[in-house]
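Peer 1: Here is my input; please provide its structure:
(one chain, ligands or ions: 2)
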Amino acid sequence: MTEVEKNLVYSRSQIEEKVRHLAEQLSREYAESTPVLVGVLNGVFMFYSDLVKALSIPVLVEFVRLASYGASAESSGRISLTKDVEIELGGRDVVIVEDIADSGLTLAYLRDHLMKKGAKSVKICVLIDKIERRHVEVPLDFVGFEAERGFLVGYGLDFNEQYRYLPEIYCLRMA
Ligand code: IMP
Ligand code: MG
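Peer 2: Ligands and ions are numbered 1, 2, ... in the order given. Here you go, the predicted model:
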């Protein structure tokens, strides 16, 4: 059995500060409209809740769930939607809220999917951007942390469904 070591990367207070900053940006950008915030389950659950509580504007709450085949640490590129939005998006401002952007495939797929529903605009808000691993061009409009290499867990992020419950973000190291 391999021993798993985890090192703290972002503390509770660092996360709180980033979330507050993102909420200020969104509140300013959407001061004149009521955007639909589309959260990507399951990873986004903690970030989404903290973000919405820090906003000073009204929003509509919505979620999608996507499956990328395989339980590996790398996105397979084969994405399917297992839970779609239920709110009518025609003519509305939409913000995708996602925990982490890695290859960018998930976000590119979802952005395209939501645009096809007739949204007035679709922007993307991510807590963490793993810059180095981007495979497809996708505009990230609101970014919290820019991360270097490593696999991150906690604050919603999982490794094979483990560690999501942790309130801080750690980097996994297979020792
Ligand atoms: P992408 O399609 O490659 O950008 O993958 C994005 C998805 O992969 C995210 O929604 C996460 O669920 C997952 N993912 C990518 N990197 C990590 C990580 O470091 N920790 C946990 N999940 C990750
Ligand atoms: Mg995710």
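
Peer 1: which secondary structure elements does the strand or helix carrying residue 23 contact?
Peer 2: Applying DSSP states H and E as the criterion places residue 23 in helix 12-29. Under the contact criterion of 3 or more C-beta pairs under 8 Å, 6 or more residues apart in numbering; DSSP states H and E, helix 12-29 touches helix 45-54, strand 121-130, strand 142-147. C-beta coordinates here come from the backbone N, C-alpha and C atoms, glycine included.

Peer 1: and the ones you listed, which is most packed in?
Peer 2: strand 121-130 (a mean of 23; mean count of other C-beta atoms under 10 Å).

Peer 1: phi, psi of residue 43?
Peer 2: With angles defined as degrees, to the nearest 10, residue 43 sits at phi -60, psi -30.

Peer 1: what about it, neighbour count?
Peer 2: 18 (other C-beta atoms under 10 Å).

Peer 1: so who does it touch?
Peer 2: Residues in contact with residue 43, defined by C-beta atoms under 8 Å, 6 or more residues apart in numbering, are 98-100, 156-158, 164.

Peer 1: Redo these as JSON lines? Include distance to residue 110 and secondary structure.
Peer 2: Formatted as JSON lines, the contacts of residue 43 follow (distance: C-beta to C-beta, whole Å; DSSP: H, G, I helix; E, B strand; the rest coil):
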{"residue": "98", "distance to residue 110": "8", "secondary structure": "strand"}
{"residue": "99", "distance to residue 110": "13", "secondary structure": "strand"}
{"residue": "100", "distance to residue 110": "13", "secondary structure": "strand"}
{"residue": "156", "distance to residue 110": "17", "secondary structure": "coil"}
{"residue": "157", "distance to residue 110": "18", "secondary structure": "strand"}
{"residue": "158", "distance to residue 110": "19", "secondary structure": "coil"}
{"residue": "164", "distance to residue 110": "20", "secondary structure": "coil"}
